[in-house]
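# Kindly generate the corresponding structure for this input.
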Amino acid sequence: MFTLHRFLISSFVFFCVINGGLFKELPDYIHVCKRDPNTLEDCVVKSIESLRPQLLTGIPELEVPSLDPFHIKEIKALTADNTPIRATGHNIKVTGASSFVIKKLKVDLDTLTITVHLRFPLLHFEGEYKLDAQLAILPLTGQGILNADAVKCDTKLVIYPQLHTKDGKEYITFKKIDVDVNIKDYRVRLDGLFNGDKALGDAANQVINQNKGEFLKASKPHLEKTVSTNLLTIANKIVEGLTLDQVLPKP
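Numbers count the residues shown, from 1 in each chain. Okay, the predicted model is just below:
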């Protein structure tokens, strides 16, 4: 339902990897984290918090756009079971992402795997939709404007790096990012159902919100795959040409 994790993780990698490799002088808001198991995780959390103001405006040096608001080009919800749903959202603006909370963060120094749990207390979505679905005995079709509010959006990211040696130095890239998105609750309003018929549209929106679990289930696989792909591209772009000692300097 949203790809805000792409921006968070690009910023998350940003504070971890910058150690003079991308800037001649480090900006004041960048905290370098050393490879010390006693201080690393706390340092990473503090570094994320120090970046929060930059997330609002974006980070041009890394081509990271503004986090709040940010824009989603497309998201899909598709099923092939007894509750057929075919829905797409386009040109969606998301606000509220800058209020994220870091619930838990873990860095495994043996494997360099990073695990982070984030919560977004409230996200608001505005955009365009197209819908063709069957819920219970009610067929739902239409296209138009969507407005939605999602509450307690929890996301788990697991980032898997890999090392390769060149000219006697170890360089780091990322081979995979697992994404698990769970939304506690949401409410959506779709304008334009049944060619704009208000009575039918109000009834349909009520049915949609009563069956929100079906829509979440249908959108989850595409959402997580999209987020993972985008994050992996951004993360590898950020660490391109950086050694392990630049990413995580020794204490």
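# For the longest helix seen in the chain, buried residues please.
Counting residues, the longest helix in the chain under DSSP state H turns out to be helix 212-239. When neighbours are counted by 16 or more other C-beta atoms under 10 Å, the buried residues of helix 212-239 are found to be 214-216, 218-220, 222-224, 226-228, 230-232, 234-236, 238-239. (Glycine included, C-beta is placed from N, CA and C.)
# What are the boundaries of the strands in the stretch 151-251 of the chain?
Taking DSSP state E, counting those that start in this stretch as the test, the strands found in the stretch 151-251 of the chain are 169-193.
# low pLDDT regions in it?
Counting by pLDDT under 70, the stretch 151-251 of the chain shows low-confidence ranges at 234, 238.
# next one: the stretch 1-150 of the chain
1-31, 59, 61-65, 78-84, 135-138.
# where exactly do the helices run in it?
Secondary structure of the stretch 1-150 of the chain, counting by DSSP state H, counting those that start in this stretch: helices at 4-17, 40-57.
# List the buried residues for the longest one?
Neighbour-count burial for helix 40-57 flags 40-41, 43-45, 47-48, 51, 54-55 (criterion: 16+ other C-beta under 10 Å).
# Turn those into CSV, columns for distance to Thr165.
What follows is those, written out as CSV (distance: C-beta to C-beta, whole Å):
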residue, distance to Thr165
Leu40, 23
Glu41, 27
Cys43, 27
Val44, 26
Val45, 31
Ser47, 27
Ile48, 30
Leu51, 31
Gln54, 33
Leu55, 34
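# So which residues of the stretch 1-150 of the chain form strands?
Counting by DSSP E, counting those that start in this stretch, the segments of the stretch 1-150 of the chain that form strands are 70-78, 85-95, 101-108, 113-135, 138-166.
# among those strands, which is nearest Ile172?
Relative to Ile172, the nearest member of the strands of the stretch 1-150 of the chain by C-beta to C-beta is strand 138-166, separated by 5.3 Å.
# so what secondary structure elements neighbour that closest one?
helix 4-17, strand 113-135, strand 169-193, helix 198-210, helix 212-239 (3 or more C-beta pairs under 8 Å, 6 or more residues apart in numbering; DSSP states H and E).
# could you redo the last one with a cut-off of 7 Å?
The criterion is 3 or more C-beta pairs under 7 Å, 6 or more residues apart in numbering; DSSP states H and E, and the helices and strands that strand 138-166 contacts are helix 4-17, strand 113-135, strand 169-193, helix 198-210.
# Parallel or antiparallel, list what pairs with that strand.
Taking DSSP bridges as the criterion, strand 138-166 forms sheet pairs with strand 113-135 (antiparallel), strand 169-193 (antiparallel).
# Going by neighbour count, which residues of it are buried?
With burial defined by 16+ other C-beta under 10 Å, the residues of strand 138-166 counted as buried are 140, 142-143, 146, 148, 150, 153, 155-157, 159, 161.
# repeat for stretch 170-179
The neighbour-count check on stretch 170-179 (16+ other C-beta under 10 Å) flags 171-172, 174, 177, 179 as buried.
# on contacts alone, who are the packing partners of the longest helix of the chain?
Helix 212-239 is packed against helix 4-17, strand 70-78, strand 85-95, strand 169-193, with contacts defined by 3+ C-beta pairs under 7 Å, 6+ apart.
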